[in-house]
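Enquirer: for reference, the sequence and a predicted model appear below.
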Amino acid sequence: MSSNKYDYDKLPISDETKKGMSLNINDLGAIGRMLSLQDDVYDEQFTSLTEKIDLLLLGISGLKEDVANLKKQLDDMAIVVECTKKDVGALAVEVDKLKKLNSFRAIIIRVVTTIAASLVAFRLIHGPL
């Protein structure tokens, strides 16, 4: 075999495999072309996978951005809710004051006070009855 252009004795394969080999240069060329075509197919597949992974990563990046925007909106809403709670609390205090001012007892006191003030003013202006 060493008379051939290719020295098969130096191939990194077992002796048993070497005994079973009966390839000529044309067979080796065909195998080389098939392996080259196989490499091309693998390159196309890996390129396609790489492109899809890149798109996926871009999509994930977009999702991260969307999530960050939603988190900011939620934080803003939380601030608005807290302000609204404070406003509602202040309004509740005002409503309680108004309820006390418009209670039946408070109205009676105002009416009696107004009548008494009117009588005192009438008496001061017109003298005794």
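Expert: Structure received. Numbers count the residues shown, from 1 in each chain.
Enquirer: ranges for the helices of this protein?
Expert: With helices called from DSSP state H, the chain shows them at 15-20, 25-101, 104-126.
Enquirer: off-centre distance for the longest one?
Expert: Taking the mean of its C-alpha atoms, helix 25-101 sits 6 Å from the chain's own mean (C-alpha atoms, centre = their mean, to the nearest Å).
Enquirer: same check, this time on the first one
Expert: For helix 15-20, the separation from the chain centroid amounts to 61 Å (computed by C-alpha atoms, centre = their mean).
Enquirer: so which elements touch it?
Expert: The contact analysis (3 or more C-beta pairs under 8 Å, 6 or more residues apart in numbering; DSSP states H and E) places helix 15-20 against no helix or strand. The way it works is simple: take the backbone N, C-alpha and C, and place the C-beta from them, glycine included.
Enquirer: mean confidence (pLDDT) on it, please.
Expert: Mean pLDDT, computed over helix 15-20, is 75.
Enquirer: so where's the chain uncertain?
Expert: Where the chain drops to pLDDT under 70, the residues are 1-11, 23, 128-129.
Enquirer: and Gly20, how far from Ile107?
Expert: If you measure Gly20 against Ile107 using C-beta to C-beta, to the nearest Å, the figure is 116 Å.
Enquirer: same deal with Gly62?
Expert: Gly62 is 64 Å from Ile107, by C-beta to C-beta.
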